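Peer 1: predicted model, plus sequence, below.
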Amino acid sequence: MTLPASGAIGLFDVNTELGRTNNAQLGLLCTNVRGLFGDASGAVSMFDGYGKSNASYLCITTSGACVTTCGNYKIARFYGSGSFTINRVGCGVGNAGSHINYVVVAGGGSGGARTLYNLGTSGGGGAGGVLNDCSNICSSGGASVSARTYTVTVGGGGSTSGGSSCGVGHNSSIACLISTTGGGNGPTVERSQCTNGGSGGGAQPTYIPSKGTGISGQGYGGGNGTYCYSCQCALQCGSYFLGGGGGGASSVGGNAVSNIRGGNGGNGRSISFVSSVYGRGGGGGSGFWAKGSHSCYGKGGCGSTSASRGAIDCCKSTKVTSQPGATNTGGGGGGSGMFSAACHSSYWGGCSVGSNGGSGIVAIRWRFQ
C-alpha cells in the first residue's frame, strides 16, 4: 500500500509499507525509513512520508496514448499530443522504480515545393529529429522521472502549402525532459532557406550550396543536388537538374546522381522496444526533359523501404508524383519533379509539387511489476 497523502501517519502504517510486523520496533533514523521517506540525512519527520511507497516499480496513467503490455513492461504510444502522470515512484530494483525508456520523434520536413521560375527539381525533406533511450532500466538506464504529470507534444510534418512555404517539421517533446527538432525542408532554386532541422533537407540542383544540416544525436544533413548549366543551354536531359536526398536519423541524405536520379533519403533509426523505424529522409526530385530529339527521365530517390520518393514529372511517359513521409514516423517528404518542355510554352518552371513530411511520435516504456 502507499502511505496516506495527508492526515496522520502511524508507525504501524510505516511498518506495513516496509513489509514488517505492525508491532516491530521502528526508528525514524533507520536506513529503511530514510529510504522510504527520501531523507538521506538530517532530521526525519513523519510528514516526509506523505504519499511514499515501498513498491518496486512505477505506477503510470496516461491520457491520449495507446498502451500495450509486454511482459513486465507497459508501453504507451502517443500519436498526438497528450500526457502521462507518475502516480507512484518506487525504490526500484536497480532504478526501475524511477526511470523510463523513451523515443521522441519530431515531424519530418516537406520536400521542396514547386520550382516557379527556374529549371530544375527540388531536394527531399529532412527527417524529424529522433532521440531515444532503450537501455536496461533495471540497470540504472533510462530517463529519471518524478511523481508529477508530464505533457507530451507530438509535432506535425512540414507542409508545402501549395508551393509557397518553408515546410519545416514541428518539434516533439516530453515536457522539459526530452525535446526533438522538426526536419528541415527540401529547398527549391528560389527558396533555398529553412533547410536545417533535426535532419537537414536535401540540396536543390544549383551550384549554390543549399543542403541542410542536422542536429548531433538527432539526425544528419541532406545530400547534394546536381547542376549542369551547359546541359541546360544544349537543351539536353532535365535529369542533369536533380535534387539531393533529405537527411535521416541514422545517415546523411544521398547525393543526386547526374543524369540518373535524385538523391536517396538518409536511413531511419530502428527502435527496439517499439519494433519500428523512425526518421527516414525524403528522396530528392528528378526531372524529365523533352526537346527535339532529346528525351529521358530520372528516378526519384527512395531512401529506404517505405520512405518517400522524389517526383518525376514527364508528359511523354507516366507521371510519378512525390510521396509524403509516413504518418507518425517523422519521415521527410519527397522533392518535386521538373516540368517537361514538350508540354509547356517555355522550358522554365517546375510542375509537380513536393510532398508533406510525416508527423512524429512519442513513446515511453516502464516496468510496472
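Peer 2: Received, thanks. No experiment lies behind these values; they were computed from the predicted model shown.

Peer 1: distance between stretch 216-226 and the chain's centre?
Peer 2: 14 Å (C-alpha atoms, centre = their mean, to the nearest Å).

Peer 1: how about stretch 198-213?
Peer 2: 19 Å.

Peer 1: what's the local residue count around Asn23?
Peer 2: Asn23 has 9 neighbouring residues, counting by other C-beta atoms under 10 Å. Heads up, the C-betas are built off the backbone N, CA and C, glycines and all.

Peer 1: mind checking how far it is from Cys30?
Peer 2: 16 Å (C-beta to C-beta, to the nearest Å).

Peer 1: now do Gly71
Peer 2: Counting by C-beta to C-beta - Gly71 and Cys30 are separated by 34 Å.

Peer 1: can you check Gly128 too?
Peer 2: For Gly128, the distance to Cys30 - C-beta to C-beta - is 50 Å.

Peer 1: out of these two, which sits in the busier spot?
Peer 2: Using other C-beta under 10 Å as the criterion, Gly128 and Cys30 rank with Gly128 on top: 44 against 14.

Peer 1: how about the contacts made by Thr213?
Peer 2: Thr213 makes contacts with 184, 195-196, 200, 221, as judged by C-beta atoms under 8 Å, 6 or more residues apart in numbering.

Peer 1: just name the shakiest helix or strand of the protein by mean pLDDT.
Peer 2: Here the helix or strand of the chain ranked lowest by mean pLDDT, DSSP states H and E is strand 294-297, holding a mean of 38.

Peer 1: mean confidence for the following helix or strand past it?
Peer 2: Scanning forward in sequence from strand 294-297 by DSSP states H and E, the next helix or strand is strand 361-367. Averaging pLDDT along strand 361-367 gives 96.

Peer 1: could you do stretch 71-83 as well?
Peer 2: According to the model, stretch 71-83 has a mean pLDDT of 95.

Peer 1: can you list the residue ranges for strands in the stretch 151-300 of the chain?
Peer 2: 172-174, 178-180, 269-271, 276-278, 288-291, 294-297 (DSSP state E, counting those that start in this stretch).

Peer 1: pick out the shakiest of those, pLDDT-wise.
Peer 2: The bottom spot among the strands of the stretch 151-300 of the chain, by mean pLDDT, belongs to strand 294-297, with a mean of 38.

Peer 1: can you give me every residue that contacts Ser83?
Peer 2: 62-64, 149-152.

Peer 1: no, scratch that, I was asking about Ile361
Peer 2: 77-79, 103, 105, 154, 172, 278, 328-330.

Peer 1: please apply the same query to Lys74.
Peer 2: Taking C-beta under 8 Å, 6+ apart, we find Lys74 in contact with 60, 67-68, 365-366, 368.

Peer 1: spatially nearest residue to it, not counting backbone neighbours?
Peer 2: Phe368 (5.1 Å; C-beta to C-beta, 6 or more residues apart in numbering).

Peer 1: which of the contacts of Ile361 has the most neighbours?
Peer 2: Gly330 (42 neighbours).

Peer 1: kindly provide the distance from that one to Ser250.
Peer 2: Gly330 is 12 Å from Ser250, by C-beta to C-beta.

Peer 1: next: Tyr73.
Peer 2: Counting by C-beta to C-beta, the gap from Tyr73 to Ser250 is 25 Å.

Peer 1: these two - which one has more neighbours?
Peer 2: Comparing Tyr73 with Ser250 by other C-beta under 10 Å, the one with more neighbours is Ser250, at 21 against 18.

Peer 1: that one touches Gly279, doesn't it?
Peer 2: Yes. The pair Ser250 / Gly279 is scored as a contact, 7.3 Å apart, by C-beta atoms under 8 Å.

Peer 1: and which of the contacts of Ser83 is nearest to Ala43?
Peer 2: Each of the contacts of Ser83 was checked against Ala43 using C-beta to C-beta; the closest is Thr149, at 30.0 Å.

Peer 1: dump the residue contacts of the closest one.
Peer 2: Here Thr149 is in contact with 83-86 (criterion: C-beta under 8 Å, 6+ apart).

Peer 1: now those: which count as buried?
Peer 2: Among the contacts of Thr149, those classed as buried by neighbour count (16 or more other C-beta atoms under 10 Å) are 83-84, 86.

Peer 1: quick one, helices of the chain?
Peer 2: 11-17, 31-37, 229-233 (DSSP state H).

Peer 1: include mean pLDDT when you put those into JSON lines, please.
Peer 2: Shown next, in JSON lines, are those (pLDDT from 0 to 100):
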{"stretch": "helix 11-17", "mean pLDDT": "82"}
{"stretch": "helix 31-37", "mean pLDDT": "78"}
{"stretch": "helix 229-233", "mean pLDDT": "51"}
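
Peer 1: flag the shaky bits of the stretch 151-300 of the chain, pLDDT-wise.
Peer 2: The stretch 151-300 of the chain contains residues with pLDDT under 70 at 161-165, 189-194, 206-209, 228-240, 259, 286-300.

Peer 1: sorry, back to before: now, which of the buried ones among the contacts of Thr149 sits nearest Val353?
Peer 2: For these, the nearest to Val353 is Ser83 (36.0 Å; C-beta to C-beta).
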